[in-house]
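**Student:** Below is the structure, and that's it, no one-letter string:
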């Protein structure tokens, strides 16, 4: 495989092209971009129950692991616009007919498993630092984490382990989406 380099001009071009896509079909992008975070919050509440406060940051940070898979519809709309084809909202579902959709689905499942493992690991790190008692309010939780050695250990250990999960997700996906 050829390893390319990314410069600031590449980032500028990607942002420009993304903005052009958004200008072409802003309603579709807004709808699809709202579904992802709302669904994430709903799933977090269902999976973890009502004591999500210690996992809010790990959930938000870890959601980036499955973000590329969740954005497949946006990629399809962008591809259609690039080819000069119409991009109606239902066009996002055309990704389901892609010859490579099975491979993308498998990679998405792998990234989802990595995400679930990350959340479980983050929970274990929290329990190791503070035990099973969850903070009832955000202010209590912030004080608990920021004002004692266990909280700083949680920040350092969680950040380090989270970094390893991010590197693992990047290595597994290799920018496949």
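**Tutor:** All right, it came through fine. What you see is a predicted model; the values in this text were computed from it and never measured.
**Student:** Do a quick rundown of the helices in the protein.
**Tutor:** Across the chain, reading from the start of the chain, the helices by DSSP state H fall at 8-24, 26-48, 56-62, 67-70, 72-82, 101-130, 138-146, 149-173.
**Student:** Tell me which of those sits nearest to residue 92.
**Tutor:** In this view, the helices of the chain are compared for proximity to residue 92 by Cβ to Cβ, and helix 72-82 is the closest at 3.1 Å. Backbone N, C-alpha and C define where each C-beta goes, glycine included.
**Student:** For that closest one, which helices and strands make contact with it?
**Tutor:** Secondary-structure packing of helix 72-82 (3 or more Cβ pairs under 8 Å, 6 or more residues apart in numbering; DSSP states H and E): helix 8-24, helix 26-48.
**Student:** Residue 9 and residue 75, how far apart?
**Tutor:** In this structure, residue 9 lies at 22 Å from residue 75, with Cβ to Cβ, to the nearest Å as the measure.
**Student:** where are the low-confidence patches of this structure?
**Tutor:** Applying pLDDT under 70 to the chain picks out residues 27-33, 36, 43-51, 89, 135-136, 175-177.
**Student:** that older thread, redo the helices of the chain as CSV? Include distance to residue 91 and mean neighbour count.
**Tutor:** Converted to CSV, the helices of the chain look like this (distance: least, Cβ to Cβ, whole Å; neighbours: other Cβ atoms under 10 Å):
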stretch, distance to residue 91, mean neighbour count
helix 8-24, 12, 12
helix 26-48, 8, 13
helix 56-62, 29, 18
helix 67-70, 17, 18
helix 72-82, 5, 19
helix 101-130, 15, 16
helix 138-146, 40, 14
helix 149-173, 24, 14
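**Student:** okay if I get the ones you listed as TSV plus distance to residue 88?
**Tutor:** Putting those into TSV (distance: least, Cβ to Cβ, whole Å) gives the following:
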stretch	distance to residue 88
helix 8-24	12
helix 26-48	8
helix 56-62	31
helix 67-70	20
helix 72-82	9
helix 101-130	19
helix 138-146	41
helix 149-173	28
